[in-house]
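> Task: produce atomic coordinates for the following.
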Amino acid sequence: MSSKKPFLVALLIHALSAGMILLSKAAFNGGMNTFVFVFYRQVTGTLFLAPLAIVLERKSPKPLSLAIFSKIFLLALLGITFALNIYGVALVYTSASLGSATINCIPVITFAFAVLLRMEKVNVRMMPGIVKLVGIALCMAGGVILAFYKGPGLKPPFHGYFHVHDSSDKDHNAPSHKNWASGCFLLFVSTVCWALWLVLQAKMLKSYPSKLSFTTLQCLSSAVQSFFVAILMERDPSQWKLGFNVRLLAIVYCGVIVNGVAYYLQAWVLAEKGPVFLAVMTPANLVMTILGSVFFLAEVVNLGSIIGAILLVISLYCVLWGKSKEWSMDGLPVVAKSESTVDVKVAAESNGTDPPAP
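This is a model prediction of the structure:
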């Protein structure tokens, strides 16, 4: 049973992430403003993480200079506030399954940024380097298919548990082609922001290694930033009211379960099996989200989404395979730590700010 424990915990982590995407989409389908949602989520996460950071890291506090705090503030602006708000709008325009599919792009795009910033090398004369380049090309192809080809849809013959029926809209869960394309573009922008954030965050953690305090400061900074964004974008007081419904459930779930429980689970898996193990299982998130979107949200899953998602998954494994082969050729174990695509992705996930959902 002990040998299966990391596998089961990794599945649980991706199940929690899938639940985050589904609940967020359900809250948006129910009419919640995406900008207000991000603000409440970050406040909840801050209130949950701050006491943990004070208690668990009080014996080894790290000095926090103004320069370091300014960098953390800007990182939060890029990778949390900006990315999450864009992602939230994109979810409204598209679907939960598509939002989950883009998660598979993050390691690939992060790898591309790492190459541009000379944190990663590609040897096009060796098979691992060629395969990683193929992965980048497949990622781009999958993104194009997701944006411009929908194809026939698999429409569920029932209403999902969180499905919102609107008599004035014949198909509530079928965005127009224009909105779908716009949503895909916004998903791409948010993914690029996350990828760049992961690369920069990996560097930042070297100068400020207190992960829990680092996460809390980013969460607090994002809460302040998100408040001003929400005030600017939403002036209706009724949108700020919370009741005992799916909106409150989504906020508490994202702020506590994702920013709190997932943090420790991911850290444990990293210590036991390393970053590649967790990243390889990322497609499980996609499968769970697609099933959940059909059964709970009554979303229509299009053929184009399935083909695009498959290409994204293949692109992820191409990059992971190429990287593992390079580690083997260098005489390093597959779980070796580096500034590679997978490392910075999973390091950010273990900070409780998993980028897959708002």
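
> Mind listing residues that contact stretch 244-255?
Around stretch 244-255, the neighbours that count as contacts under Cβ atoms under 8 Å, 6 or more residues apart in numbering are 19-20, 23-24, 26-27, 30, 32, 37, 40-45, 47-48, 162, 242, 357-358. To be clear about C-beta, it is placed using only N, CA and C from the backbone, and glycine gets the same treatment.

> which parts of stretch 183-198 are buried?
Judged by neighbour count (16 or more other Cβ atoms under 10 Å), stretch 183-198 contains these buried residues: 183-184, 186-188, 190-198.

> repeat for stretch 198-205
Using 16+ other Cβ under 10 Å as the burial criterion, the residues of stretch 198-205 that qualify are 198-202, 204-205.

> Under a three-state scheme, what state does Arg41 occupy?
In three-state terms, and counting by DSSP: H, G, I helix; E, B strand; the rest coil, Arg41 is helix.

> How many residues are close by it?
Arg41 has 31 neighbouring residues, counting by other Cβ atoms under 10 Å.

> tell me the contacts of it?
Arg41 makes contacts with 84, 250-251, 254-255, 358, as judged by Cβ under 8 Å, 6+ apart.

> Val43 reaches Val224, doesn't it?
No. Val43 is not in contact with Val224 according to Cβ atoms under 8 Å; the separation is 9.5 Å.

> higher neighbour count, these two?
Val43 (19 against 15).

> need the contact list for that one.
223, 255.

> how close does it get to Pro107?
Distance, Val43 to Pro107, using Cβ to Cβ, to the nearest Å: 29 Å.

> Which strand or helix spans the closest residue to Gly260 other than its chain neighbours?
Sequence neighbours aside, Phe48 is the residue nearest to Gly260 in space, at 5.0 Å (criterion: Cβ to Cβ, 6 or more residues apart in numbering). Taking DSSP states H and E as the definition, Phe48 sits inside helix 34-56.

> what separates that helix from the chain centre, distance-wise?
Distance of helix 34-56 from the chain centroid (Cα atoms, centre = their mean, to the nearest Å) equals 17 Å.

> Would you mind identifying the next helix or strand past that helix?
In N-to-C order, the element after helix 34-56 by DSSP H and E is helix 66-76.

> Residues contacting that next one, please?
Residues from elsewhere that reach helix 66-76, judged by Cβ under 8 Å, 6+ apart: 197, 200-201, 204, 207-208, 214, 217-219, 221-222, 225.

> What mean pLDDT does that helix get?
If you average the pLDDT over helix 66-76, you get 92.

> For Ile13, see how far away the spatially closest residue to Leu11 that is not a sequence neighbour is.
On the basis of Cβ to Cβ, 6+ apart, the spatially nearest residue to Leu11 that is not a chain neighbour turns out to be Ala284, at 6.1 Å. Between Ala284 and Ile13 the distance, using Cβ to Cβ, works out to 9 Å.

> Between those two, which is the more surrounded one?
Neighbours per residue (other Cβ under 10 Å) separate Ala284 from Ile13, with Ile13 holding more: 25 against 16.

> can you give me the angle the helix or strand harbouring the more buried one makes with helix 34-56?
When secondary structure is defined using DSSP H and E, the element that contains Ile13 is helix 5-29. Orientation note: helix 5-29 sits at an angle of 140 degrees relative to helix 34-56 (axes from the mean of the first three to the mean of the last three Cα atoms, to 10 degrees).
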